[in-house]
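Give the three-dimensional model of this entry:
(one chain, ligands or ions: 2)
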Amino acid sequence: MVWQPVVFDPLKAATSAKASAELVDYWLATGKLPPELVTGHQLIDFEHSFLISIIADLRRVCKDYTGLRDCVSCGEDQQRRCEGQVVGMLGDLFAFILEHFKTEEAVMRDSLMLMIDRDVCQAHMEDHAAISSAVHKIVSSLDTQHVVSRIRELDTVLVCWLSNHTALHDQLLVRWVSRVDSPTRDW
Ligand SMILES: [Fe+2]
Ligand SMILES: [Fe+2]
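Ligands and ions are numbered 1, 2, ... in the order given. Take a look at the predicted model:
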């Protein structure tokens, strides 16, 4: 099989995020990662669960995050409350992004995948950088009257990350680590 690097495309993300919204619904109903996202690597799976919880928390900020065009009809007090909540969550989200990508990139190095299958790791790390930059772009355009739009955009990027990136890049990484002769197999 020829390896095709996954390039983060916000347009494609919008379509696939819609189709994969049920991943979040599954987690909300069961408290577990949907089976298609389970990599078998304890730490990575735990962190992906945390990512779903961030998505669910973001959705709860707005009474109608899919339907409202902007925040004007909610009034200034509510707008400030929503913005404050989202700003607080973004702090957690950024800390999580940095930590999670660091975890996976350490697994690449420690399992020697980075040395032996460099192109695959390079594509994985480039996807990490594209996700961080997409999130950063959305966050830097946050303003009180359009919090709902930023929630929607973040939701799209995060769900796409969870479904596309995890199912491709993260699964390949964990498959490598699970090889019988892997130096880090028991992780
Ligand atoms: Fe991941
Ligand atoms: Fe990853």
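
by contact count, what packs against the longest helix out of those in the chain?
Counting residues, the longest helix found in the chain (DSSP state H) is helix 76-110. For helix 76-110, the packing partners by 3 or more Cβ pairs under 8 Å, 6 or more residues apart in numbering; DSSP states H and E come out as helix 42-61, helix 113-116, helix 118-140, helix 147-160, helix 171-177. To be clear about C-beta, it is placed using only N, CA and C from the backbone, and glycine gets the same treatment.

After the helix or strand of the chain with the lowest mean pLDDT, which helix or strand is next?
Among the helices and strands of the chain, helix 10-19 carries the lowest confidence by mean pLDDT, DSSP states H and E, at a mean of 47. Remark: after helix 10-19, the chain's next helix or strand is helix 21-30, criterion DSSP states H and E.

Specify the angle between that next one and helix 147-160 in degrees.
90 degrees (axes from the mean of the first three to the mean of the last three Cα atoms, to 10 degrees).

Helix 21-30 versus helix 42-61: what angle between them?
Using the same axes, to 10 degrees: helix 21-30 against helix 42-61 is 100 degrees.

circling back: out of the helices and strands packed on helix 76-110, nearest to ligand 2?
The minimum distance between ligand 2 and the helices and strands packed on helix 76-110 falls on helix 118-140, with 5.6 Å, by Cβ to the ion.
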